[in-house]
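**Student:** no sequence for this one, just the structure:
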């Protein structure tokens, strides 16, 4: 079984029963869309696609980062770890939490930044523009875009369009 297929099956299992805010759709649809977007890139790797499938499993499903390494290898573990928010970070408010996230993302690999671009594009595409949270998320996406610059020009262009329209 290929590494991405193994990651997809794992993501389907651990996200079972979870639904997305605003749409109520099965949560696993989100990492599937992110992984498909990553797989379509000419410079993507199997590890990047697998990490895209798994990018939310540590923080949203309680999967230990070490388990990712054991099941999918150290490269996938590193990518997922780079994309995972620290659960023990004391967030005083949303602005402080986002500042911490952006500072962390500024230090991650180009591959992780590319996955994060695809993740944010998918999140923005799913969030209704009528949602109370839309303007805040759109502004944060502009800030995030600056942190992720240099990872993938095509995805950056898509996120830029979404964040400024």
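**Tutor:** Alright, I've got the coordinates. A quick note: this is a predicted structure, and the numbers were derived from the prediction, not measured.
**Student:** what sits against residue 54?
**Tutor:** Counting by Cβ atoms under 8 Å, 6 or more residues apart in numbering, residue 54 makes contact with 7, 10-11, 31, 68, 72, 76, 80. Glycine gets a C-beta too; all of them are placed from N, C-alpha and C.
**Student:** how close does it get to residue 35?
**Tutor:** As judged by Cβ to Cβ, to the nearest Å, residue 54 and residue 35 stand 9 Å apart.
**Student:** same question, residue 109
**Tutor:** Remark: distance between residue 109 and residue 35 (Cβ to Cβ) = 17 Å.
**Student:** give me the most central residue, this structure.
**Tutor:** Nearest to the mean C-alpha position of the chain, counting by Cα atoms, centre = their mean, stands residue 119 at 3.9 Å.
**Student:** just give me the neighbour total for the residue nearest to that one when sequence neighbours are not counted.
**Tutor:** Excluding its sequence neighbours, the residue lying closest to residue 119 (Cβ to Cβ, 6 or more residues apart in numbering) is residue 34, at 5.2 Å. When neighbours are defined as other Cβ atoms under 10 Å, residue 34 has 25 of them.
**Student:** so residue 34 sits in a helix?
**Tutor:** Yes - assignment of residue 34 by DSSP: H, G, I helix; E, B strand; the rest coil places it within a helix.
**Student:** if I look at it, how far off is residue 134?
**Tutor:** Going from residue 34 to residue 134 by Cβ to Cβ gives 20 Å.
**Student:** quick one on the thing from earlier: wait, the residue nearest to residue 119 sits on residue 122?
**Tutor:** Yes - counting by Cβ atoms under 8 Å, residue 34 does reach residue 122; the two are 5.3 Å apart.
**Student:** quick check on residue 20: phi, psi?
**Tutor:** Per-residue torsions, residue 20: phi -80, psi 140 (degrees, to the nearest 10).
**Student:** pull out the buried positions in the longest helix seen in the chain.
**Tutor:** When the chain is parsed with DSSP state H, its longest helix is helix 110-126. Going by neighbour count (16 or more other Cβ atoms under 10 Å), the buried part of helix 110-126 is 111-124.
**Student:** by mean pLDDT, point me to the weakest helix or strand of the protein.
**Tutor:** helix 94-105 (a mean of 84; mean pLDDT, DSSP states H and E).
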